[in-house]
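Chemist: model this:
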Amino acid sequence: MTDSFMQNHQTSLDIQREEDEINWLGLGPDTEYTEDDEVALEDHLNRKAGIYPEDEENFPMETDLERIRLPIYWASYLANGVEDSLEDGEKETIQDVLDTANLSDHTCIDVLDDSNFELAPSWYPSLLAGDYCTYVFDKF
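Modeler: From the prediction side, this is the model:
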């Protein structure tokens, strides 16, 4: 099979899915459309595309997301506030690292699954080489 055949086949499947969704909404070819039906269809297609109008007023468009590579074994503390896995004095070290990186007023909102063994960052020499991953912080 050629790529163009597969593209045409995928396009026809996509069109069929859209028609099925429209028919599921009760907006078939024999139905008279009202303005409410058009609004419902537009809302449905927007939501399918990941556009939620109510989110525009709830979420600010500008965010202060910061990404930083830190030891992976800090994840439970930074993301969930669980101190069980920390060694003595490690909480203070974490806070010092966050202060040095100007992230003390940020909150960890995500930990990416991209861990690698690497050297400690040069901007904080007391950290040791080990498994590091990317932490995403947002300023609240």
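Chemist: Okay, and T134 sits in which element?
Modeler: Counting by DSSP states H and E, the element that carries T134 is strand 130-139.
Chemist: per-residue confidence averaged over that strand?
Modeler: On average, the pLDDT along strand 130-139 is 91.
Chemist: likewise stretch 88-108?
Modeler: Per-residue scores along stretch 88-108 average to 91.
Chemist: And the contacts of that stretch?
Modeler: Residues from elsewhere that reach stretch 88-108 (Cβ atoms under 8 Å, 6 or more residues apart in numbering): 64, 66, 68, 70, 74, 77-79, 83, 86, 123-124, 126-127, 135-140. C-beta: built from backbone N, CA, C; applies to glycine.
Chemist: and the residues you listed, which are buried?
Modeler: 68, 70, 74, 77-78, 86, 127, 135-137 (16 or more other Cβ atoms under 10 Å).
Chemist: Could you tell me which of those belong to helices?
Modeler: 77-78 (DSSP state H).
Chemist: which of the buried ones among the contacts of stretch 88-108 sit farthest apart?
Modeler: L86 and V136 (20.5 Å; Cβ to Cβ).
Chemist: Can you show me the strands along the protein?
Modeler: 65-71, 106-111, 116-118, 130-139 (DSSP state E).
Chemist: pLDDT at G28, what is it?
Modeler: Per the predicted model, pLDDT is 54 at G28.
Chemist: on that earlier part again, distance to R17 for the strands of the chain - can I get that in TSV?
Modeler: TSV is the format used below for these (distance: least, Cβ to Cβ, whole Å):
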stretch	distance to R17
strand 65-71	34
strand 106-111	31
strand 116-118	40
strand 130-139	33
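Chemist: Out of those strands, which is closest to S12?
Modeler: Per Cβ to Cβ, nearest to S12 of the strands of the chain: strand 106-111, 38.0 Å.
Chemist: Flag every buried residue along that closest one.
Modeler: By 16+ other Cβ under 10 Å, the buried positions in strand 106-111 come out as 106, 108, 111.
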